[in-house]
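Colleague: mind looking at a prediction? Sequence and model below.
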Amino acid sequence: MENQLKNEFQQNSKNIVPSPTLDSRIMAVYRECLTEKKEKKQMKRLRKLPNIAVIGLLFVLLCGFAFVGGKLLFQEEQGDVKVNFTANEEITLESSLLEKMRHSLSEVKANLKKGEIAVLYFAELGMNSYAFQSVSNPEVVKNLDSWSRTVTQHNPTEHIPESLLETFKFTQGMESPAYGAFIDSAAFKLLDDMKAESKKTGQDVIWRKTTAKSKPVFNFYTSLYRNEEQQTIYYTLQIPNEKVMMEGITSPSSVYEDLNIQGHQAHYTLDKQSLYGASNIYQNIMWIEEKGDQTLIYQVGTDSPSVTKQQLIQAAQNL
């Protein structure tokens with residue numbers, strides 16, 4: 001009986017023809033399971049990253065913007081901060097588009113009330129990471145004593161000078177970056193809706209108001225100084241509230257140079273296609289210091305083309 005069953009099974013097995021789609025279906029299921037495991041592993045890893053890193057990666061992975069390669073200009077890690085700064089051909093803008101973006105940002109800012117923030121989507125840039133920008137109309141403090149108390153209340157070691165380079169006088173202070181606004185996860189959630197509206201209406205520029213988090217990733221303190229020729233220097237103190245990774249990007253036309261400011265490694269950049277400020281030229285010096293349990297990021301910058309690099313260096317050295 002056993003041999004009979006064995007012979008019948010062998011005979012029948014010769015007549016079994018597998019479906020030609022079976023292998024492809026098996027591979028499809030396998031790939032699906034593999035992708036699911038990979039995504040779960042990836043998201044698990046993302047949750048362990050610093051807040052700003054998670055935001056940046058989710059922006060690329062989920063919102064569809066690609067940003068690959070580029071030339072690394074500098075990388076630095078101190079205390080709670082890690083900075084990567086690259087130059088990438090992807091964000092080289094035609095002069096006409098640059099001016100259009102600058103005009104749109106200025107126009108939206110004019111429509112904001114004090115303290116309001118907005119994000120803009122520029123459809124012409126498609127998948128380019130520069131397609132999503134921010135602008136704000138921050139509250140300002142024009143009294144130096146009041147502004148100094150605000151800064152020292154949170155940072156007792158910091159001093160706000162009355163002037164820079166003797167001729168640049170304090171004009172106002174604001175708890176925001178010199179330009180734009182920090183784009184957080186709440187702002188990113190608006191992007192899909194903005195892209196859909198652009199596709200539906202055919203509009204190249206879509207904007208939305210957004211709100212800052214109650215506990216931001218960074219605290220910003222920017223002091224603005226201006227001379228009689230209306231040239232401007234911005235002094236920004238940036239303090240992280242947690243471990244963060246900052247990803248900076250500029251065009252290959254930008255100039256970069258290593259500096260030493262007060263014994264600290266510093267980074268000078270000259271951006272020739274700035275979207276904000278009085279001109280499309282923006283110079284900036286940045287360095288990082290650790291004081292006690294705080295990591296402080298210092299920036300001294302200008303949107304006045306006639307202010308020289310040497311003047312910025314002198315202003316930074318004298319802080």
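Modeller: Received the coordinates, thanks.

Colleague: relative to residue 319, how far out is residue 289?
Modeller: Using CB to CB, to the nearest Å, residue 289 is found at 11 Å from residue 319. Where you see a C-beta, it was placed from the backbone N, CA and C, and this is true even at glycine.

Colleague: got any residues that touch both of those two?
Modeller: Here residue 289 and residue 319 share the contacting residues residue 298, scored by CB atoms under 8 Å, 6 or more residues apart in numbering.

Colleague: show me the shaky parts of this protein.
Modeller: Along the chain, the model assigns pLDDT under 70 to residues 1-69, 213-214.

Colleague: and the helices in it?
Modeller: 2-13, 22-48, 51-63, 95-110, 144-154, 185-188, 191-201, 309-317 (DSSP state H).

Colleague: how about the fifth one: buried residues?
Modeller: Neighbour-count burial for helix 144-154 flags 144, 147-148, 151 (criterion: 16 or more other CB atoms under 10 Å).

Colleague: run the chain-centre distance for it.
Modeller: Chain-centre distance of helix 144-154: 27 Å, with CA atoms, centre = their mean, to the nearest Å.

Colleague: need the contact list for residue 300.
Modeller: 233-236, 284-285, 312, 315-316, 319.

Colleague: which residue packs closest to it, ignoring adjacent ones?
Modeller: Using CB to CB, 6 or more residues apart in numbering and skipping residues adjacent in sequence, the residue nearest residue 300 is residue 316, 4.5 Å away.

Colleague: isn't the one you found right up against residue 266?
Modeller: Yes. Using CB atoms under 8 Å, residue 316 is in contact with residue 266, at 7.2 Å.

Colleague: overlap in contacts of those two?
Modeller: Joint contacts of residue 316 and residue 266 (CB under 8 Å, 6+ apart) are 285, 287.

Colleague: quick check, residue 211 in contact with residue 117.
Modeller: Yes. Applying CB under 8 Å as the test, residue 211 and residue 117 come out as touching, 6.8 Å apart.

Colleague: comparing these two, which shows the higher neighbour count?
Modeller: More neighbours surround residue 117 than the other of residue 211 and residue 117, with 23 against 11 (other CB atoms under 10 Å).

Colleague: could you pull out the strands for the stretch 201-319 of the chain?
Modeller: For the stretch 201-319 of the chain, strands defined by DSSP state E, counting those that start in this stretch occupy the ranges 205-210, 218-226, 232-240, 244-250, 255-261, 264-271, 282-291, 294-302.

Colleague: quick check: buried residues in the second one?
Modeller: Translated: strand 218-226. Those would be 218, 220-226, for strand 218-226 by 16+ other CB under 10 Å.

Colleague: show me what that strand is packed up against.
Modeller: helix 144-154, strand 168-174, strand 232-240 (3 or more CB pairs under 8 Å, 6 or more residues apart in numbering; DSSP states H and E).

Colleague: can you give me phi and psi for the closest residue in space to residue 208 that isn't next to it in sequence?
Modeller: Using CB to CB, 6+ apart and skipping the chain neighbours, the partner closest in space to residue 208 is residue 190 (4.9 Å). Main-chain torsions, residue 190, degrees, to the nearest 10: phi -80, psi -10.

Colleague: so who does residue 190 touch?
Modeller: 119, 208, 210.

Colleague: any idea how far residue 211 is from it?
Modeller: Residue 190 sits 11 Å away from residue 211, going by CB to CB.
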